[in-house]
Each structure stands twice: as C-alpha cells, then as structure tokens.
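>>> Fold the following.
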Amino acid sequence: MKTLKLFLFILIPFLGLFIIVPPWKTEYEKNGITVSTRKLEGYSIKEFKGETRMHTNLGSLVRIFESVPTYQMWAYNCKNAAMVRKFNANKGRVHVVLKMPWPIKNRDVVYDYEIIQNKVTKTVVMNVQSVSDSTIATNGNVRMKFMESTYILTPLANNLTNVEFSSISDPDVGIPISVINLFIADAPYYT
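Numbering: from 1, shown residues only. Presented below is the predicted three-dimensional model:
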C-alpha cells in the first residue's frame, strides 16, 4: 500500500504535463493591443486575453489595480467597485457590479485577489478568483458564480511595461452563450 501511495504521489504531478491547453487564436490587433481567445474544455464561454505595452512603471499599474473605487474608469462595463476586505498588503476581497445592456440584468461578482512579485524578474502577477460571499447583497444584480482572471505585468526597458490580462467567467443565465462569445473580445480591448 505504501508503494502505491508513493507511486501516485510521484506520478500525479507529471500527469498535469500532459493536459493539452488549446493555443490562443488572435481575434484582432488594434491600437497596439492584441486580443486573443480560446475555447477550454469544460467551459461553454471562451477565455480571453489582451496584451499591450504601456509607457509606465510597475508601481503605477499596481496602484491603479489596488485603487478599487476607480475601476469604473478603466475596467470594461464596470458600474461600481468596492473593497470588501483587505486581508494583508497583497490580498483582498472586492465586490464589482458590471453594466449589461437592456434587457439583461447587471451582473455582480465577489472575488479575492493576490498580488505576487517575482524577486528576480520583477514581474508582477495578480490572480483573481471569484468567491461565494452571501454577506454582500446582490441588490437586484445577478451574481456571477465563476470568474478567474490574471494580470501579468512584466517590466521592460525604457519605462515600458508589458501588460497581459486574461479571464474566463460564467455570467450566469439570461445571456445566450453564442452572444457572449461573439462579444467576448471587447472586454480585454476596452479594459
């Protein structure tokens, strides 16, 4: 029995190497922004990614991300955003309300984020994962049950930063999947 457990302990991490993740498909390139999508197995909605280079430093971008009440100034379709709880300097919980076109009800999501910086490369990764938090009222919005996003900020020479934003979510019932996938590429571009 011990031999079997040891074998599985060694084998399971290597199985992850054989999971095939489909390549990104470039949807368009415009104004220095490349927008891509891909269909992941088990998800009906496509994952999206936007990538660009910005003339700014890492610190400025991290401060913008941490300034939650300003999200509606830069995050696509953000109607309102509020910090729910700050766990520590690098982790927190946020509540966001997203505007939807009539007659679709607005969506909201509660998520935890974590900011990690690689000490060698200085690259900053911000991971976002939706959470269930019944203490936050929906106020007539439809609560998104699932959302994962990642922001990767890579410092380059001459005060440039490469910004990569990817996300996959489920905005819940009421919106046809085909419609969502048709407009999914707008989110990374406008954000």
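>>> low-confidence ranges in this structure?
Within the chain, the segments meeting pLDDT under 70 span 1-19, 171-184.
>>> just the strands in it please.
Here the chain has its strands, by DSSP state E, at 25-30, 33-38, 47-54, 78-88, 91-98, 107-117, 124-130, 142-143, 146-155, 161-170.
>>> Save these as a markdown table, and put in mean neighbour count and distance to A185 too.
C-betas here are computed from N, CA, C, even on glycine. Formatted as a markdown table, the strands of the chain follow (neighbours: other CB atoms under 10 Å; distance: least, CB to CB, whole Å):
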| stretch | mean neighbour count | distance to A185 |
| --- | --- | --- |
| strand 25-30 | 12 | 4 |
| strand 33-38 | 19 | 5 |
| strand 47-54 | 19 | 6 |
| strand 78-88 | 14 | 18 |
| strand 91-98 | 19 | 16 |
| strand 107-117 | 18 | 18 |
| strand 124-130 | 17 | 19 |
| strand 142-143 | 18 | 22 |
| strand 146-155 | 18 | 15 |
| strand 161-170 | 19 | 12 |
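>>> Return the residues in contact with T138.
T138 sits next to D108 when contact means CB atoms under 8 Å, 6 or more residues apart in numbering.
>>> Could you find the residue nearest the spatial middle of this structure?
Compute the mean C-alpha point of the chain, and by CA atoms, centre = their mean the closest residue is S149, 1.5 Å away.
>>> Quick check: bridge partners of it?
S149 has these beta-bridge partners by DSSP bridges: V128, S167.
>>> Starting from D108, give me the distance back to it.
15 Å (CB to CB, to the nearest Å).
>>> Same check on Y190?
Following CB to CB, the distance that separates Y190 from D108 is 19 Å.
>>> on that earlier part again, what about the strands of the chain, which gets the closest to Q72?
Comparison of the strands of the chain against Q72 by CB to CB identifies strand 78-88 as nearest, at 4.4 Å.
>>> How far off centre is the closest one?
15 Å (CA atoms, centre = their mean, to the nearest Å).
>>> and if you look at stretch 36-53?
Between the centre of stretch 36-53 and the centre of its chain there are 10 Å (CA atoms, centre = their mean).
>>> What's the end-to-end length of it?
Length of stretch 36-53, first residue to last, CA to CA, to the nearest Å: 15 Å.
>>> Next: stretch 126-139.
28 Å.
>>> and what of stretch 25-41?
Distance across stretch 25-41, first residue to last, is 15 Å (CA to CA).
>>> For it, give me every contacting residue.
Here stretch 25-41 makes contact (CB under 8 Å, 6+ apart) with 21-24, 46-53, 168, 181, 184-185, 188-189.
>>> Then stretch 93-108?
So stretch 93-108 is contacted by 68, 71, 75, 77-85, 87, 109-113, 131, 133, 136, 138-144, 171-172, 174-175 (CB under 8 Å, 6+ apart).
>>> try it again with 6 Å
For stretch 93-108, the external contacting residues (CB atoms under 6 Å, 6 or more residues apart in numbering) are 68, 77, 79-85, 109-112, 136, 138, 141-144, 171, 174-175.
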